[in-house]
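# Predicted model and sequence follow; I will ask about them next.
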Amino acid sequence: ITPVEGFTASRYRSLIAEVQRISKIPVIFGIDSVHGANYIEGAIMTPQQINIASTWNTTCAYNAGRLASKDSRAAGINWIFSPILGLGIESLWSRMYETFGEDPFLVGEMGKAIVRGIQEVDGDGIEKNEHSSSVPSRSAACAKHFVGYSAPRTGHDRAPSWIPKRHLHQ
């Protein structure tokens, strides 16, 4: 599924239902929702992770996870590629804004909070939406970018990283 302007949650669900109907095997859908479900029309956008980290408020991270989960599930997608847990240690890197920063303790605390928000069970386990269809009551978080991705020597995205053992063991 590629993001298309004007795709509503209902339209995504219909498309996913059609793929499941014609498929010979179950298909699992997952998608990036690092700062909200920006691929769904009308979804709530949350700040980038670096902005959330600057608050040192884990409740903000938790709520960002809940919102991304809720909007993604409404579209029939309950596997979220979030949060990004790589340490932002190379200031030249073009995707620094996607990290929780360079402090391992802060990244860990914010990461735990956002995962709790994504994976929390809502209410009675089944959520009814405006279209009277049931959606799962929680999503699966898929943390990403652990070691080295955010440390490219050149600052370019998807470039070789240089990580001295001393940095790796910190």
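Looks like it came in fine.
# residue ranges with poor pLDDT in the chain?
1-5, 123-136, 170 (pLDDT under 70).
# what's the spatially most central residue of it in contact with, if anything?
By CA atoms, centre = their mean, the chain has its centre lying nearest to Ser82, at 2.7 Å. Ser82 sits next to Asp32, Ser33, Val34, Gly65, Ala68, Ile114, Ile118, Ala141, Cys142, Ala143, Lys144 when contact means CB atoms under 8 Å, 6 or more residues apart in numbering. In this view, the C-beta of every residue, glycine as well, is placed from N, C-alpha and C.
# neighbouring contacts of the helix or strand encompassing Tyr62?
Assigned by DSSP states H and E, Tyr62 belongs to helix 58-74. Outside helix 58-74, the residues that touch it by CB under 8 Å, 6+ apart are 9, 13, 31, 33-37, 40, 43-44, 46-47, 52-53, 78, 80, 82-83, 109-120, 122, 127, 129, 135-139, 141.
# again, only using 6 Å
Outside helix 58-74, the residues that touch it by CB atoms under 6 Å, 6 or more residues apart in numbering are 9, 33, 36-37, 40, 43-44, 46, 52, 80, 109-110, 113-114, 116-118, 129, 135-136, 139.
# And these, which of them are buried?
Burial by neighbour count, 16 or more other CB atoms under 10 Å: within the contacts of helix 58-74 this picks out 9, 33, 36-37, 40, 43-44, 46, 52, 80, 109-110, 113-114, 117-118, 135-136, 139.
# Any chance of the backbone angles for Ile31?
Main-chain dihedrals, Ile31, degrees, to the nearest 10: phi -160, psi 150.
# one step back: got the contacts of Ser82 as TSV, with distance to Trp93 and secondary structure columns?
Formatted as TSV, the contacts of Ser82 follow (distance: CB to CB, whole Å; DSSP: H, G, I helix; E, B strand; the rest coil):
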residue	distance to Trp93	secondary structure
Asp32	18	strand
Ser33	21	coil
Val34	15	strand
Gly65	24	helix
Ala68	23	helix
Ile114	20	helix
Ile118	24	helix
Ala141	23	strand
Cys142	21	coil
Ala143	18	coil
Lys144	15	strand
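# which of those tops the neighbour count?
Using other CB atoms under 10 Å as the neighbour criterion, Ile114 leads the contacts of Ser82 with 32 neighbours.
# Surely that one is in contact with Leu85?
No. Contact criterion CB atoms under 6 Å: Ile114 and Leu85 do not qualify, at 9.4 Å.
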